[in-house]
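Colleague: Starting from these lines, generate the structure:
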Amino acid sequence: METSTLKTAFITGGSMGIGLAIAKELTEKNCNIAIFARTLSKLEEAKQLLEKHRKSSDQIIEIFSVDLSDFAAVKSTYETAVQKVDIPDYMINCVGIAQPDHFENITPEIFDKTIKTNLYGTWNSCYAIVPFMKQKPKSVLINTSSIAGFMPVFGYTDYCMTKFGLIGFTESLRFELKKYNINVKVLCPPDTDTPGYEAENLHKPEETNAIAGSVKLVKPEYVAREAIKNLDNNKFMIIPGMDGKFTLLARRFIPGVVTFYMNQVIKKVQSKK
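Modeller: Numbering: from 1, shown residues only. You can find the predicted model right below:
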């Protein structure tokens, strides 16, 4: 195993979107970087970008192609990554997909893919890396949920299931890992301008578009900066932007008003059909 005086970050979903933005920000902070994703060509493009942002020749920047829903592959890949890079100071899970649609149009195949990517991918990553992180006190583990992890959204039944679940999983894990001095957090981004978001727009029902119409789209670089700003504090839930923070407060303190508003927007769209 390599030993380094630099901080080390492992980032899943690190070949694009929020994961790549976080990797770039941490590269600029002179961290060792290991990014994990399925598609090798995208990983290679990401590495070329990260190399342009390295701060020193001592930095290690490695890529690993792996199906995060396959636990045996994840375990083997992480063992290799620890040997080649180091035990991560920061483990940041950003892998996730969504294909919004009306519930009855979400096929068992789509549901299975969403569950395996969003839940299995994060669970497998945590299960494989936590034994290593126990050897590095004051390390940080971040799982990425969503505003849709505490705010139900029309057209996102399977996605909301996974993202609500990730918040519960991460909070439970936070309790368990506290005695090892591992700081566990959840990142809940709002709608973010990523390739994944563009793909979602191809499938969104009209009701979903109407609800999302008043929500400000943020850049992945903004989400990355907010995540990194909160790496070393004791905050559990990282919510970039005021819209998301307001949504959380509204859901907690005036849930009836939120439900009424959502129903009115949905009813207006459906009345025009």
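Colleague: Now residue 273: closest residue in space, sequence neighbours ignored.
Modeller: Nearest in space to residue 273, with sequence neighbours left out and distances taken as C-beta to C-beta, 6 or more residues apart in numbering, is residue 206 at 7.8 Å. Any C-beta I mention is one placed from the backbone N, CA and C, and that applies to glycine too.
Colleague: right, and that neighbour touches residue 269 too?
Modeller: Yes: applying C-beta atoms under 8 Å as the test, residue 206 and residue 269 come out as touching, 5.1 Å apart.
Colleague: So between these two, which is more surrounded?
Modeller: residue 269 (17 against 14; other C-beta atoms under 10 Å).
Colleague: Restricting to C-alpha, output the host helix or strand of that one in CSV.
Modeller: Element membership for residue 269 (DSSP states H and E) is helix 255-271. Output in CSV follows, covering the C-alpha atoms of helix 255-271 (Å, rounded to 0.1, in the frame of the first residue of the first chain):
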residue,chain,number,x,y,z
PRO,A,255,-46.2,19.7,5.0
GLY,A,256,-49.9,20.3,4.4
VAL,A,257,-49.1,23.5,2.5
VAL,A,258,-46.4,21.7,0.4
THR,A,259,-48.8,18.9,-0.5
PHE,A,260,-51.6,21.3,-1.4
TYR,A,261,-49.3,23.2,-3.7
MET,A,262,-48.0,20.1,-5.4
ASN,A,263,-51.5,18.8,-5.9
GLN,A,264,-52.7,22.1,-7.4
VAL,A,265,-49.8,22.1,-9.9
ILE,A,266,-50.5,18.5,-10.9
LYS,A,267,-54.2,19.1,-11.2
LYS,A,268,-53.7,22.1,-13.4
VAL,A,269,-51.6,20.1,-15.8
GLN,A,270,-53.9,17.1,-15.9
SER,A,271,-57.0,19.3,-16.5
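Colleague: Please point out which parts of that helix sit buried.
Modeller: For helix 255-271, the neighbour count (16 or more other C-beta atoms under 10 Å) marks 258, 262, 265, 266, 269 as buried.
Colleague: I'd say the first one and residue 251 touch.
Modeller: Yes: contact status for residue 258 versus residue 251: in contact at 5.9 Å, counting by C-beta under 8 Å.
Colleague: hey, what's in contact with both of these two?
Modeller: residue 151 (C-beta atoms under 8 Å, 6 or more residues apart in numbering).
Colleague: And the buried residues of helix 255-271, which is closest to residue 6?
Modeller: Closest approach to residue 6 among those (C-beta to C-beta): residue 258, at 44.4 Å.
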